[in-house]
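S.K.: take a look and give me a structure for this.
(chains A, B, C and D)
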Protein chains: 2
Amino acid sequence: MRVSAKADYAVRAAVELAAVGDDGPVKGERLADAQEIPLQFLEHILLELKHSGIVRARRGAKGGYWLARPADEVSIADVVRAVEGPIANVQSQPPETIEYRGSAEHLQEVWIAVRASLRSVLEGVTLADLASGNMPSVVGDYVAEPDSWAAR
Amino acid sequence: MRVSAKADYAVRAAVELAAVGDDGPVKGERLADAQEIPLQFLEHILLELKHSGIVRARRGAKGGYWLARPADEVSIADVVRAVEGPIANVQSQPPETIEYRGSAEHLQEVWIAVRASLRSVLEGVTLADLASGNMPSVVGDYVAEPDSWAAR
DNA sequence: CGCGCTCCTGACCTAGGCAGTCAGGAAAGT
DNA sequence: ACTTTCCTGACTGCCTAGGTCAGGAGCGCG
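M.R.: Numbers count the residues shown, from 1 in each chain, chains lettered A, B, ... in the order given. The predicted structure follows:
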């Protein structure tokens, strides 16, 4: 139930690319500087993003990275899944494949709901939303509620 | 973004206790059998649940475990937090303490929303709900939507 | 009291993941 | 050719996950 450094970095790098827009490729080093991410680690992450088709890259002078699709067609969920794999697995298994015995029978439904609620947020926000600061209502509603900010 | 075996086990043991009700203490061994959890591991988990005041225990013949509070006053979130600590930390820090630079500025709001949406599910379901199978609408609504069951 | 039952606790273990670093190779541009 | 930048695998140190083992401490009962 925690967000890894890798996922956090990946989203930050991706939104940085979204913010730059179509002004040619961005060097890894610039992304690393802008978001204070260890360069070598970031390069591994960008490679994974490339492998899952979120990012493209070119080498050499004037090389760098850019988004493979328009920023409003890439959700946070896409980026997180690219580096962390499926969201909300329990015991490394997707919730729909788990069966429980006895009185825990309905626990599966809870995990399904957990995953669905995560998806509703992560799939509802695009890199474009994030870069512009215009958050969709699914985020805005939660953020407006003071209790969401309380530690617990 | 995954649910650990420990959390899964803890909830299953707790709901088993909820299902038994007030019929005296339940032995660890019976919980382990009922939910197919390794006994020795389960005992560690039950100890943690005891330390956070969710469960009580007595030793000796006729000893065992029982819920410290009524089952409808214990949420899944309580149980998960007892064994996993705070829900939805990013990089081991609570989202409200994180600050982002540059174009990732609004990312904090996303993590806040993620945590809030997790809470809305996990705090909305009690052990009594789970044991009875009468799920609250926050779960029921998600579960009713076929897309929630799709792998991705 | 003594004895068995059950929880309580710490120590230990192994495999694997997390968060990187290092070194070198391969394409692109000039 | 030569520099620049991405690409890739190997490696590392530390920590967590998921357990197991051995013994101790409290409880009830005859």
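S.K.: strands along chain A, start to end?
M.R.: Ranges of strands in chain A, per DSSP state E, are A:55-58, A:64-67.
S.K.: separation between the residue lying closest to A:I45 once chain neighbours are set aside and chain B?
M.R.: Once flanking residues are discounted, A:I45 sits nearest to A:A10: 5.2 Å by CB to CB, 6 or more residues apart in numbering or on different chains. For every residue, glycine as well, the C-beta is placed using N, CA and C. Noted for A:A10: a distance of 11 Å to chain B, by CB to the nearest CB, to the nearest Å.
S.K.: for A:A10, what are its contacts?
M.R.: Applying CB atoms under 8 Å, 6 or more residues apart in numbering or on different chains to A:A10 gives the contacts A:I45, A:E48, A:L49, A:V79, A:V80, A:A82, A:V83.
S.K.: before we move on, back to that, as TSV, the strands of chain A with mean pLDDT, mean neighbour count and distance to B:I37 would be great.
M.R.: Formatted as TSV, those follow (pLDDT from 0 to 100; neighbours: other CB atoms under 10 Å in any protein chain shown; distance: least, CB to CB, whole Å):
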stretch	mean pLDDT	mean neighbour count	distance to B:I37
strand A:55-58	97	16	42
strand A:64-67	98	21	45
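S.K.: can you redo those strands as JSON lines with distance to A:A116?
M.R.: Shown next, in JSON lines, are the strands of chain A (distance: least, CB to CB, whole Å):
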{"stretch": "strand A:55-58", "distance to A:A116": "27"}
{"stretch": "strand A:64-67", "distance to A:A116": "27"}
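S.K.: so which of the ones you listed comes closest to DNA strand C?
M.R.: Nearest of the strands of chain A to DNA strand C, taken as CB to the nearest atom of the strand: strand A:55-58 at 5.0 Å.
S.K.: is chain B within reach of the closest one?
M.R.: No - for strand A:55-58, no contact with chain B is found by CB under 8 Å from any CB of the partner chain; the gap never falls below 15.6 Å.
S.K.: got the CA positions of that strand in CSV?
M.R.: The C-alpha coordinates for strand A:55-58 follow below in CSV (Å, rounded to 0.1, in the frame of the first residue of the first chain):
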residue,chain,number,x,y,z
VAL,A,55,8.1,7.5,-24.2
ARG,A,56,10.4,7.6,-27.2
ALA,A,57,14.0,8.5,-27.4
ARG,A,58,16.9,9.3,-29.8
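S.K.: A:V11 versus the residue lying farthest from the centre of chain A, what's the distance?
M.R.: Here the centre of chain A is the reference, and by CA atoms, centre = their mean the most remote residue is A:G102, at 36.3 Å. Counting by CB to CB, to the nearest Å, the gap from A:G102 to A:V11 is 40 Å.
S.K.: A:R56: what's its closest spatial neighbour, skipping adjacent residues?
M.R.: Nearest residue to A:R56 in three dimensions, chain neighbours excluded: A:A68, at 4.9 Å (CB to CB, 6+ apart).
S.K.: now A:G64
M.R.: Closest residue to A:G64 apart from its sequence neighbours, by CB to CB, 6+ apart: A:P25 at 2.9 Å.
S.K.: pretty sure the one you found contacts A:L67?
M.R.: No - using CB atoms under 8 Å, A:P25 makes no contact with A:L67, being 10.6 Å away.
S.K.: about what we covered before: the residue nearest to A:G64: what's it in contact with?
M.R.: Counting by CB under 8 Å, 6+ apart, A:P25 touches A:A57, A:R58, A:K62, A:G63, A:G64, A:Y65, A:W66.
S.K.: does the residue farthest from the centre of chain A really touch B:I37, like I thought?
M.R.: No - checked against CB under 8 Å, the pair A:G102 and B:I37 is beyond contact range at 11.7 Å.
S.K.: ok, A:G53 - how many residues close by?
M.R.: 12 (other CB atoms under 10 Å in any protein chain shown).
S.K.: swap that for A:R101, sorry
M.R.: A:R101: 11 surrounding residues under other CB under 10 Å.
S.K.: repeat that for A:Q40.
M.R.: Neighbour count of A:Q40, defined by other CB under 10 Å: 9.
S.K.: ok, stretch A:47-54 near DNA strand D or not?
M.R.: Yes - for stretch A:47-54, a contact with DNA strand D is found by CB under 7 Å from any atom of the strand, at A:L47, A:K50, A:H51.
S.K.: which of the residues in that stretch are buried?
M.R.: Buried residues in stretch A:47-54, defined by neighbour count with 16 or more other CB atoms under 10 Å in any protein chain shown: A:E48, A:L49, A:I54.
S.K.: okay then, goodbye and thanks.
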